[in-house]
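Visitor: A structural model of the following input is requested.
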Amino acid sequence: MHLKSRITSLRLILASASPRRRELLRAARFAFEVRPSAVAEKRRADESGEEFALRAAREKALDVASSAPPESLVLGADTVVIVDGEVLGKPVGPDDAARMLRLLSGVTHRVVTGVCLVRAPDRIEALRPSVTLVTFHRLDEEEISEYVSSGEPLDKAGAYGIQGLASKFVTRIEGCYFNVVGLPVALVYELLKDSYR
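Guide: Take a look at the predicted model:
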């Protein structure tokens, strides 16, 4: 069997409940199962956004790998948005979502996804960040209010989904688009290829 066929047909375990990550893996025709991690996503006071995303991805993957069948490949991922040095996770409610959108209005921000691949039960095969720069046009209060009212921002890092209603806010993107959705698929594919070598 060719390498590409082996990679897309292997039984990968996704350590995430994210519907967007599931959709991206499915679209790329990876065979996988979902086993969400119970690890809490809480940033430490001394961590940068990138450090937090990498640690959270590692902890999620290791948590699931500890009870997965031996030699299974477990994928952990965590995405954060960073603007002017502030790390934005998922908003705690509508007011927090509006606050985040005001921070993103008219500026360029970084989207960082930490990606970790663990071979069960505990061998880290890869731990890498993916970084994308995203620029928003200037948002007025009516746009922010309407978007928050849609409910879309409430379960997303940085309070927006680039693949949904917020697509009309984005004027420029530099890097992997799918990273902003929640999973840099090309990086995952490269890491899986490397794990076979």
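Visitor: thinking in terms of the whole chain, how far from its middle is the helix ranked longest in the chain?
Guide: Counting by DSSP state H, the longest helix found in the chain is helix 49-65. Relative to its parent chain, helix 49-65 has a centroid offset of 11 Å by Cα atoms, centre = their mean, to the nearest Å.
Visitor: same check, this time on stretch 97-105
Guide: Centroid separation for stretch 97-105 versus its chain: 19 Å, with Cα atoms, centre = their mean.
Visitor: so who does Val180 touch?
Guide: Counting by Cβ atoms under 8 Å, 6 or more residues apart in numbering, Val180 touches 111, 132, 134, 162, 173. The way it works is simple: take the backbone N, C-alpha and C, and place the C-beta from them, glycine included.
Visitor: That one: what secondary structure?
Guide: Classification of Val180 by DSSP: H, G, I helix; E, B strand; the rest coil places it in helix.
Visitor: Next: Ala38.
Guide: Going by three-state DSSP: Ala38 is coil.
Visitor: Quick check: the gap between it and Gly161.
Guide: Ala38 is 25 Å from Gly161, where distance means Cβ to Cβ, to the nearest Å.
Visitor: Helices of the protein, start to end?
Guide: Secondary structure of the chain (DSSP H): helices at 3-9, 19-27, 49-65, 94-104, 141-149, 177-181, 185-196.
Visitor: Out of the ones you listed, which is closest to Ile82?
Guide: The minimum distance between Ile82 and the helices of the chain falls on helix 49-65, with 4.2 Å, by Cβ to Cβ.
Visitor: top strand in this protein by residue count?
Guide: strand 123-136 (DSSP state E).
Visitor: strands paired with it, and their directions?
Guide: strand 108-119 (antiparallel), strand 170-174 (antiparallel) (DSSP bridges).
Visitor: So for that strand, mean pLDDT?
Guide: When pLDDT is averaged over strand 123-136, the result is 98.
Visitor: quick one on the thing from earlier: among the contacts of Val180, who's most crowded?
Guide: If you count neighbours using other Cβ atoms under 10 Å, the busiest of these is Val111, which has 29 neighbours.
Visitor: Settle this for me: it is touching Val181, isn't it.
Guide: No: the criterion here is Cβ atoms under 8 Å, and Val111 misses it with Val181 at 9.4 Å.
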